[in-house]
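**Student:** Need coordinates for the following:
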Amino acid sequence: MNDVSFASLLTPEGRALLDEVRGTEPAQELAVATRLRRDHPAELVSAALGQARLRQRAAAKFGAEDAERMFFTPNGVEQSTRTTVATHRALRLRSLGVRSVADLCSGIGGDAIALARAGIRVLAVDRDPLTVAVARANAEALGLADLIEVREADVTEVDTQAYDAVFVDPARRGGRGRIFDPEAYSPPLSWAIATALKAPLAALKIAPGIPHEAIPAEAEAEWISDAGDVKEAVLWFGTEPGLVRATLLPGPRELRGRGLPDPAVREVGRYLYEPDGAVIRAHLVAEVAEEVDGGLVDETIAYITADELRPTPYASAYEITDRLPFNVKKLKALLRERGVGVLTVKKRGSAVEPEELRKKALPKSHGPHSATVFLTRVAGAPTMLLGHPAQRHAS
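**Tutor:** Okay, the predicted model is just below:
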């Protein structure tokens with residue numbers, strides 16, 4: 001899609017076509033395109049069908065109601081912040097007294113929309129003309145144009161002094177895919193940090209895999225997961241320097257770091273806790289271990305074991321029924337004996353592929369029961385722990 005084809009979607013004819021192709025299944029596209037091209041320009045039909053596909057993909061991030069009204073680019077769908085995460089950040093900014101934000105590298109406007117819905121005035125800046133046009137159309141489509149000013153500009157040349165806070169989301173993908181070197185971000189991480197330090201308050205979105213040693217001393221670091229999946233990390237400036245936190249959505253539930261030492265390694269007990277990914281990324285496994293009165297199964301593995309069940313929102317609890325050295329034949333025999341027909345395979349510290357093990361270990365005559373096997377190391381030795389989710393769950 002280019003600027004011209006996108007502009008054509010905003011015309012009465014284009015909007016009518018978008019309504020007509022809504023919900024078109026991939027298998028139907030050729031027939032629908034052939035029919036519509038009898039009465040409409042081929043380029044417009046292609047643009048409408050492409051937009052319908054993007055809206056279907058975007059529903060997972062933005063919700064079906066918003067996605068059906070919004071406009072997208074392929075990169076915009078891929079790189080946009082999930083609405084639940086953007087809303088969490090916007091509400092935190094509002095709670096900090098922020099009433100205006102300069103959203104730098106705003107993309108198609110996902111964060112700007114969440115900020116505006118929180119009652120915050122937004123300057124959304126991006127340098128790509130098509131992306132800017134899409135962001136502007138989205139602000140109008142959702143009735144937020146009065147709160148969102150969209151500007152085409154190089155973010156490094158924008159004066160942000162008039163705004164209460166700055167939000168920066170550097171591009172972390174290039175022509176060859178994901179970028180791992182922070183200085184290869186666009187703009188570079190060093191520029192984003194320098195800009196954040198000049199603002200009264202700032203939030204800087206970064207990849208969740210950032211090394212902790214790369215986090216500036218002036219920043220608070222937050223890792224965010226949504227429904228158990230780690231989505232992003234954020235460096236906050238002007239809040240609580242040095243604080244590390246894990247935020248779990250929905251909720252939100254927040255685990256704050258207290259600088260605890262690494263938990264001790266102990267014998268595998270009756271229960272195994274699998275910490276949420278945000279907890280692991282934030283290096284807060286010790287805080288969870290203290291909460292459940294547990295220790296590690298291995299000093300290099302983020303599995304916690306304990307003798308008692310103490311439900312926590314920050315980890316999933318499993319009751320362990322069997323422990324055995326890694327041996328596929330023994331596992332298969334045990335599963336047959338227990339009548340297991342559904343096997344969930346989890347791994348940490350093992351090179352075995354879960355799907356491969358599932359195929360080899362499940363008996364051909366599937367039983368009525370289910371089980372979970374953890375492929376891990378216990379005191380350095382490759383080990384299989386068999387169990388099932390603990391009956392009591394965190395509220």
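**Student:** A282 is in contact with A302, correct?
**Tutor:** No. Taking contacts as C-beta atoms under 8 Å, A302 lies outside contact range of A282: 11.2 Å. From N, CA and C alone the C-beta is placed, and that goes for glycine too.
**Student:** counting residues per helix, which one in this structure is longest?
**Tutor:** Assignment by DSSP state H gives helix 42-62 as the longest helix of the chain.
**Student:** Now do whichever helix or strand comes after it: everything it contacts.
**Tutor:** Next along the chain after helix 42-62, taking DSSP states H and E as the criterion, comes helix 64-67. For helix 64-67, contacts defined as C-beta atoms under 8 Å, 6 or more residues apart in numbering pick out 55-56, 58-59, 61, 83, 113, 142.
**Student:** what do you get for stretch 267-274?
**Tutor:** Residues outside stretch 267-274 that contact it (C-beta under 8 Å, 6+ apart): 288-289, 292, 294, 297, 303-309, 312, 315-320, 323, 346, 374, 378, 385, 387, 390.
**Student:** where in the stretch 151-300 of the chain is pLDDT low?
**Tutor:** Residues of the stretch 151-300 of the chain meeting the criterion pLDDT under 70: 173-180, 184.
**Student:** again with the stretch 1-150 of the chain
**Tutor:** For the stretch 1-150 of the chain (pLDDT under 70), the answer is 1.
**Student:** Tell me which stretches of it form helices.
**Tutor:** With DSSP state H, counting those that start in this stretch as the criterion, the stretch 1-150 of the chain has helices at 3-9, 12-21, 29-36, 42-62, 64-67, 74-79, 83-95, 110-117, 129-141.
**Student:** Return the distance of the shortest one from the chain's centre.
**Tutor:** Which is helix 64-67. On the basis of C-alpha atoms, centre = their mean, to the nearest Å, helix 64-67 is displaced by 19 Å from the centre of the chain it belongs to.
**Student:** what's the residue closest to the geometric middle of the chain?
**Tutor:** K231 (1.8 Å; C-alpha atoms, centre = their mean).
**Student:** Restricting to C-alpha, output the strand or helix carrying that residue in CSV.
**Tutor:** Using DSSP H and E, K231 maps to strand 229-237. Taking C-alpha atoms only, strand 229-237 is exported to CSV below (Å, rounded to 0.1, in the frame of the first residue of the first chain):
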residue,chain,number,x,y,z
ASP,A,229,3.1,-13.5,27.5
VAL,A,230,5.9,-11.0,28.0
LYS,A,231,5.1,-8.0,25.8
GLU,A,232,7.7,-5.3,26.5
ALA,A,233,9.9,-3.5,28.9
VAL,A,234,9.7,0.2,29.8
LEU,A,235,12.3,2.5,31.2
TRP,A,236,10.7,5.2,33.4
PHE,A,237,12.5,8.5,34.1
